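>>> Got a predicted structure plus its sequence, pasted below:
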Amino acid sequence: MRQDELEGHVLGKPARSGQPGMKHLGHPSPAQPPDQRVFSEAGLLHPARLPALFRRSFAGRLVASFFAKEHSFFPSNTREWRLTGPFFVSRMGGKEKVMRTSAIAIALTLAAAPPASTRAGEPAAREEIERGDAWAELGNWKRALEHFRRACDAEDAPLSYRLRLANALYRSGDRLGALEAIDSLRPSGKDRAPILCAKGNILMDLQRFQDACQAYQDARAANPEDARAWYGLGRCRAGLAGLPGAAASVRDEAIGALRQFIEKFPSDRRVAAARDALATIEFGEAGFLLARAREEMAGARWKEAEALLRKALQKTPDLEEAHYLLGLTLSQPSIDRVEDAQACFRKAARHPLAWLQRGLYAFARDDLELAAQAFGQAIALDNTLAEAHYQLGLTFQTLLKEDEARKAFSEVVRLAPDTPLGRQARSRLGWMSGDLNLLTEGQAIDAASEVELGHKVATLLEQKMGTFRDARLQERLERILRRIAANTDRLPDAVPYQVRLINLDTVNALSFSGGTILLFRGLIDFVQKDLGDSDDAYASILGHEVAHVALRHGMGMLHLATEARELIQGQAFDVRNLEKLVVGLSRHNEFEADQLGSLYAYRAGFDPAAGMVLHRRFVEKGLEVPEGRDHPTHAQRERQLREYLLSLRAKARHFDAGLAAFEKKDYAGAATHFEIFVGLFPASAAGRNNLALARMRTGLVLRKPEVDYRLGDDLDPRFRAPPIVLRAGEQGDPARPHLLQAAAAFRELLNRERSYTPARINLASCLLYLGDPLGAEKTLEEALRQAPDSAIAKNNLLAARLRQNRAEGVLEQLQELVKKNPHLAEARFNLALLLQRLGKADESRREWLAFLKLDPSSGFAEQARNQIALLK
């Protein structure tokens, strides 16, 4: 059992930041072996914990038959990175690998999340709990047990301490001790339920089924809505029913308890296990085989499942669930015995899912009347079967019975409103009724409808977000937009492009089908302050948005907008919801719009490399998109755009190559060069003229020469593509992009939780490594306002001042910091280095030696030894 599952909140804590080797942000819990999960939330009993003799008995197989699937705990092979001055330290499987990245520097400490406070006034007990938690997270329960015992020595030890002790006793194999510890707890109210469930689990483990039933009954009385208690009661009654010589009344009680759980919690993930247990009790060995067959089907082992199901039917020929499952198995493509499968479904005449399969088979064969009858029969047996209602709606729609179809789809929406099936039904209702807000599927929409829908959504968003007026900027943007729109690959005037100024500080822009572009005040301010307020910068932005429209990406944006209804129908606009639209387009969409947008800007006479500069500035200003999202990062987009512009520059040379080929009378080669060039610049009169002339000359070469009047032609050499200037990328620190991404991630975290001090301290470290000590100093001062006693923040603040050559008073402050925190290795390192740089050799040597006692093996230890050697 994890502590948080017993208490209802997370109790696990990361190691203290002051302990050697624990400077990262905490360890995920290692995966626990399956025989140590009696305390798990599901209240599961693993069959591996049962004695072998009991496992071989029918009762043992009964208990095992509905043991639910294991929890997926954290992976045991975790990998963490910690940044310590000039070294990156990689931890993998307990080993530490140090990679040197720069020369000696002031050491910085990365903040670890502080441990949650337990009980004020008991520092010794709290220290034991924290140490025990650390050992528990590392999977060493015996060591954890020692600390938890000491923490619980006092009679009034808090409940959370004693829960830890009980858990550690169980994890260490002392079931009876764990039971005794659980019994010593005296919770009240609903808090009793999870503890009583844990007690029931231990009793089940000890095969004390009757006592376990009492524990689960008490848990159910404490909290009638606790699914674990209901499930546990059914489980222990099933165990009693499976014992040799169990009375019929015991069997009936088990069936009743399991049915009560299934009816009360129909969506609980343990229902399938409860159903299998029910089948096992009702049908004995056949039910047990049925449960095993389900496991084989879950693993797509169809032949093994078929064999088990046939054995079950030999024992109980009228077991409809087995007929249904056998039909599903025979329907699989790897077996493909469809007619035999249908025969199985017909034998399950009271099974709604079997009728559903019969209806699907008839629908696929275009026997619509028979399909409607089958789906109707499935609904008659189970009116909550949404899939049957949906398939009935499809059948009626195919039969052109619109009213019946609408009724069926409406029932699906009522039964399953937030499921994929419910959304599909809602979409079909929207298509039938003409309600555009319900369209969620990719139905074909013509150009006129596209413009209409795009303007509708854009107008609604304008009303929600608010606009602002700037006549001069508006005129300037529209002029740039007209030039770009005239150079797209769509027909002239096919899209009525327009730009709207939105009064939001968000640094972004949006475009919609129909040509409306929303430009946010935050992005305009960014262009004015960081990009020189240039037409090229605006052209790169507008070109990108025009490309989205020209490529019909806006239809995808339209669907995103109609699904994000709070953006359109809400009473008040929340800028946080805007992310659904801003990052909604795919990586491919964004890369494509970047590249074609730069092409449109290039054709219109603007610098196509301005888009690269835009993305680079975003990264430099800490506006990077975190990795791992569907939306690409700005660094990725800059790289992709650079590669595209390199190919664009090569294509622009095809005009001159065509002229050279023409002069050499290689008219076919000239035509190829001009074709490529015209693809790049379709509006170039010179390019089109020369392409046609090359084709004409290619044809004339094929004619026999004859005496006739000579005709002249005019090869136009006057077009020159504007140069594409790609400045060489900065050479230097390969870690810089990673540090920029890390800084962006810390900023994003602080935007969500401004009071989270560890992120603020770590952001300052990133800023120092990026060469911004002043920014780091301001960030650390804010961190100390939030956490005045943070030794880590104080150390890093002094390091930031030293980076700015502001050493006044730093020595005394470092000495005071080391005096109060003698085990803070980073402060000791910095003090030794500062003393050495101030020429105080003896004091420096003393501090270096003290540091090596704290940290004898890291990369900093190597630096310390080198500095001691220099002092000699």
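Okay, I see it.
>>> neighbours of residue 616, just the number please.
Residues contacting residue 616 under the criterion other Cβ atoms under 10 Å number 18. Backbone N, C-alpha and C define where each C-beta goes, glycine included.
>>> in which helix or strand would I find it?
helix 610-620 (DSSP states H and E).
>>> pLDDT averaged over that helix, what's the number?
For helix 610-620, mean pLDDT is 88.
>>> For the following helix or strand past it, report the contacting residues that lie outside it.
Moving toward the C-terminus from helix 610-620, the next helix or strand (DSSP H and E) is helix 634-652. The list of residues contacting helix 634-652 from outside it, by Cβ atoms under 8 Å, 6 or more residues apart in numbering, reads 590-591, 594-595, 598-599, 602, 608-609, 611-612, 615-616, 618-619, 623-625, 632, 676-677, 679-680, 721, 724, 726, 729, 737, 740-741.
>>> For PyMOL, write a command that selects the buried ones of those residues.
Burial among these is assessed by 16 or more other Cβ atoms under 10 Å; the matching PyMOL selection reads:
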select buried, resi 590+591+594+595+598+599+602+608+609+611+612+615+616+618+619+623+624+625+632+676+677+680+721+724+740+741
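>>> Quick one: the strands in the chain, in order.
79-84, 87-92, 95-100, 498-502, 509-511, 516-520 (DSSP state E).
>>> Look up how far residue 697 lies from residue 668.
Residue 668 is 9 Å from residue 697, where distance means Cβ to Cβ, to the nearest Å.
>>> got it, and residue 536?
According to Cβ to Cβ, residue 536 stands 39 Å off from residue 697.
>>> Likewise for residue 771?
61 Å.
>>> The two: who's more crowded?
Neighbour comparison, residue 771 and residue 697: the larger count goes to residue 697, with 18 against 12 (by other Cβ under 10 Å).
>>> leaving aside the residues next to it on the chain, what's closest to that one?
Distances taken as Cβ to Cβ, 6 or more residues apart in numbering place residue 667 nearest to residue 697, at 4.0 Å, with adjacent residues excluded.
>>> What separation do you get for the one you found and residue 680?
Relative to residue 680, residue 667 is positioned 20 Å away (Cβ to Cβ).
>>> try residue 772
To residue 680, residue 772 is 42 Å away according to Cβ to Cβ.
>>> got it, and residue 185?
Distance, residue 185 to residue 680, using Cβ to Cβ: 77 Å.
>>> now swap in residue 371 and tell me
According to Cβ to Cβ, residue 371 and residue 680 sit 55 Å apart.
>>> okay, now residue 261: neighbour count?
Counted by other Cβ under 10 Å, the residues lying close to residue 261 total 24.
>>> Residue 229 versus that one, what's the distance?
According to Cβ to Cβ, residue 261 and residue 229 sit 9 Å apart.
>>> Repeat that for residue 429.
41 Å.
>>> just residue 311 next, same as before
Taken as Cβ to Cβ, the span from residue 311 to residue 229 is 35 Å.
>>> again with residue 215
As for residue 215, its distance to residue 229 is 9 Å (criterion: Cβ to Cβ).
>>> got any residues that touch both of those two?
Listed as contacting both residue 215 and residue 229 by Cβ under 8 Å, 6+ apart are 196-197.
>>> State the mean pLDDT of stretch 145-161.
Across stretch 145-161, the average pLDDT comes to 85.
>>> Go through that stretch and flag the buried ones.
For stretch 145-161, a neighbour-count test (16+ other Cβ under 10 Å) marks 145-148, 150-152, 157-158, 160-161 as buried.
>>> Let me have the residues you listed in a markdown table, extended by distance to residue 845.
Formatted as a markdown table, the buried residues of stretch 145-161 follow (distance: Cβ to Cβ, whole Å):
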| residue | distance to residue 845 |
| --- | --- |
| 145 | 43 |
| 146 | 39 |
| 147 | 37 |
| 148 | 43 |
| 150 | 39 |
| 151 | 41 |
| 152 | 46 |
| 157 | 47 |
| 158 | 47 |
| 160 | 47 |
| 161 | 45 |
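>>> Among these, which ones are in helices?
Within the buried residues of stretch 145-161, residues falling in helices by DSSP state H are 145-148, 150-151, 160-161.
>>> would TSV of these with distance to residue 234 be doable?
Formatted as TSV, those follow (distance: Cβ to Cβ, whole Å):
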residue	distance to residue 234
145	33
146	38
147	37
148	33
150	40
151	36
160	30
161	33
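>>> Just the closest of those residues to residue 197, please.
Residue 197 lies nearest to residue 160 out of these, by Cβ to Cβ, at 17.3 Å.
>>> mind giving me the domain split of this structure?
43-68+195-282, 284-348, 349-440, 447-628, 653-700 (automatic domain parsing).
>>> what's near enough to touch residue 259?
residue 278.
>>> what about 10 Å?
For residue 259, the contact set (Cβ atoms under 10 Å, 6 or more residues apart in numbering) comprises 234, 274-275, 278.
>>> any idea which of these has the most stuff around it?
Ranking those using other Cβ under 10 Å puts residue 234 first, with 29 neighbours.
>>> was I right about it contacting residue 212?
No: the criterion here is Cβ atoms under 10 Å, and residue 234 misses it with residue 212 at 11.4 Å.
>>> re the thing from before, so which two of the ones in helices among the buried residues of stretch 145-161 are the farthest from each other?
The span of those, defined through Cβ to Cβ, is set by 146 and 160 at 17.7 Å.
>>> Just list the residues touching residue 844, thanks.
Residue 844 neighbours (Cβ under 10 Å, 6+ apart): 831-838, 867-868, 870-871.
>>> Selection in ChimeraX covering whichever of these are buried, please.
Buried residues among the contacts of residue 844 (16+ other Cβ under 10 Å), as a ChimeraX selection:
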select :831,832,833,834,835,836,867,868
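>>> Need the worst-confidence member of the contacts of residue 844.
Among the contacts of residue 844, residue 871 has the weakest pLDDT, 80.
>>> And the helices in the stretch 601-750 of the chain?
In the stretch 601-750 of the chain, the segments counted as helices under DSSP state H, counting those that start in this stretch are 610-620, 634-652, 654-663, 667-680, 685-701, 736-752.
>>> looking at those, which is closest to residue 129?
Set against residue 129 and scored by Cβ to Cβ, these come closest in helix 736-752, at 27.2 Å.
>>> which strands and helices sit next to that closest one?
The contact analysis (3 or more Cβ pairs under 10 Å, 6 or more residues apart in numbering; DSSP states H and E) places helix 736-752 against strand 79-84, helix 610-620, helix 634-652, helix 757-769, helix 773-786.
>>> most neighbours per residue, which of these?
Ranked by mean neighbour count, those are led by helix 757-769 with a mean of 25 (mean count of other Cβ atoms under 10 Å).
>>> Tell me which other helices or strands that one touches.
Applying 3+ Cβ pairs under 10 Å, 6+ apart, we find helix 757-769 packed against strand 79-84, helix 736-752, helix 773-786, helix 791-803.
>>> hmm, back to that, and the contacts of residue 259, which is closest to residue 804?
Using Cβ to Cβ, these come closest to residue 804 at residue 274, 66.6 Å.
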